[in-house]
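Undergrad: Build me a structure from this.
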Amino acid sequence: MKFNEKLERIVNKNNSLLCVGLDIDTAKMPKFLFNDKKDPFFHFNKSIIESTKDLVCAYKMNMAFYEILGRKGISLLEKTISHIPEEIIIILDGKRNDIGNTAKKYAENLFEKLNADAVTINPYLGIDGIRPFLAYKNKCSFILCRTSNPSAKDFQDLKSENKTIYQLVASKIKEWNENMNCGAVVGATYPEELKKVRDILGQVVPILIPGIGKQGGDIERTVKFGTNKKGNMAIINSSRGIIYAKSDKNFAIKARDEAILLKDTINNYR
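TA: Down below sits the predicted model:
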């Protein structure tokens, strides 16, 4: 199944553009888990998934939060992925990139070994670093375009031939999308830039949009500028604002409440 088809199916089934980021962090997780549970990290992820799986279109795992745990983290990542319902999009956020055989091995690990539906990659090296990922025609490669961090402007807003770098990247993403397996990453914290990217990409390229919640992205403008004409082809991510909304034994219930609120708010503007 093509990625866009899988995305469209789960968006329609759950009526949701919401992606929950499973970014585990010892400092933020409920403390009782480390006293009461044999495998606190997996119990945390499992609880969040069970409480939100009917509310989301995707889960995103930032690789750094798992890799910092060493071999245990990779095992946790695998267990978490295996617990996510097959119909829901799995995004591994590692912003990988290299050239030649190294990029091929990154793609092989993420798509084949870890069974991700989508990954995030860096376009700085050009098509040489992206082609190995695009060889997986039923997967999606979300290419960094206009990121949500404050210093994104250091490079992404620079101009060449009267166009910013992020606009040129957006044009390349559209060009590389021959097999309908390219996406773009654009932060909700820059809604005007998001609108420009959507205008360049057209209607069929999905946009992964971080920056909602703790980072302060405006939901109304994110939905208005990030979705296509049908109100689709956007995956709107929230991590800390949902999974760390409460730190006691009701953390999963509170996570569900926050996910419902954000999902409904997004849908109000679609």
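Undergrad: Give me the pLDDT for residue 215.
TA: The confidence metric pLDDT takes the value 61 at residue 215.
Undergrad: Ok, residue 231 next?
TA: Predicted confidence (pLDDT) at residue 231: the value is 96.
Undergrad: what number of residues lie near it?
TA: Residues near residue 231, counting by other C-beta atoms under 10 Å, number 16. All C-beta atoms are positioned from the backbone trio N, CA, C, and that covers glycine.
Undergrad: What is the neighbour count of the nearest residue to it once chain neighbours are set aside?
TA: In space, not counting the residues next to it along the chain, residue 231 is nearest to residue 270; the distance is 3.6 Å by C-beta to C-beta, 6 or more residues apart in numbering. The local packing of residue 270 (other C-beta under 10 Å) involves 13 other residues.
Undergrad: so what's residue 270 up against?
TA: With contacts taken as C-beta atoms under 8 Å, 6 or more residues apart in numbering, residue 270 has the following neighbours: 17, 223, 227, 231.
Undergrad: before we move on, what about residue 197?
TA: 145, 146, 166, 167, 170, 184, 186, 207.
Undergrad: Read off the pLDDT value for the closest residue to the fifth one other than its chain neighbours.
TA: Right, the one you point to is residue 170. Counting by C-beta to C-beta, 6+ apart, the nearest residue to residue 170 once its immediate chain neighbours are dropped is residue 200, at 4.2 Å. You'll see residue 200 listed with a pLDDT of 98.
Undergrad: List the contacts of the longest helix seen in the chain.
TA: The helix spanning the most residues in the chain, taking DSSP state H as the definition, is helix 251-268. Applying C-beta under 8 Å, 6+ apart, the contact partners of helix 251-268 are 15-18, 20, 30, 44, 47-48, 50-52, 55-56, 212-213, 219, 223, 236, 238, 241-246.
Undergrad: any weak-confidence spans in the stretch 101-250 of the chain?
TA: Applying pLDDT under 70 to the stretch 101-250 of the chain flags the ranges 213-216.
Undergrad: Could you pull out the helices in the stretch 101-250 of the chain for me?
TA: Secondary structure of the stretch 101-250 of the chain, counting by DSSP state H, counting those that start in this stretch: helices at 131-134, 153-156, 165-176, 191-201, 219-226, 240-243.
Undergrad: now the angle between helix 191-201 and the third one, please.
TA: Helix 165-176 and helix 191-201 meet at an angle of 30 degrees, taking axes from the mean of the first three to the mean of the last three C-alpha atoms, to 10 degrees as the criterion.
Undergrad: for helix 165-176, the distance to its chain's centre please.
TA: 19 Å (C-alpha atoms, centre = their mean, to the nearest Å).
Undergrad: buried sites along it?
TA: Taking 16 or more other C-beta atoms under 10 Å as the basis for neighbour counts, the residues of helix 165-176 that come out buried are 165, 166, 167, 168, 169, 170, 172, 173, 174, 176.
Undergrad: what's the answer for the fourth one, then?
TA: If you call a residue buried by 16+ other C-beta under 10 Å, then helix 191-201 has these buried ones: 191, 193, 194, 196, 197, 198, 200, 201.
Undergrad: Run through the strands of the stretch 51-200 of the chain in chain order.
TA: Under the criterion DSSP state E, counting those that start in this stretch, strands of the stretch 51-200 of the chain are mapped to 58-62, 89-96, 118-121, 140-146, 159-160, 163-164, 182-186.
Undergrad: Sounds good, over and out.
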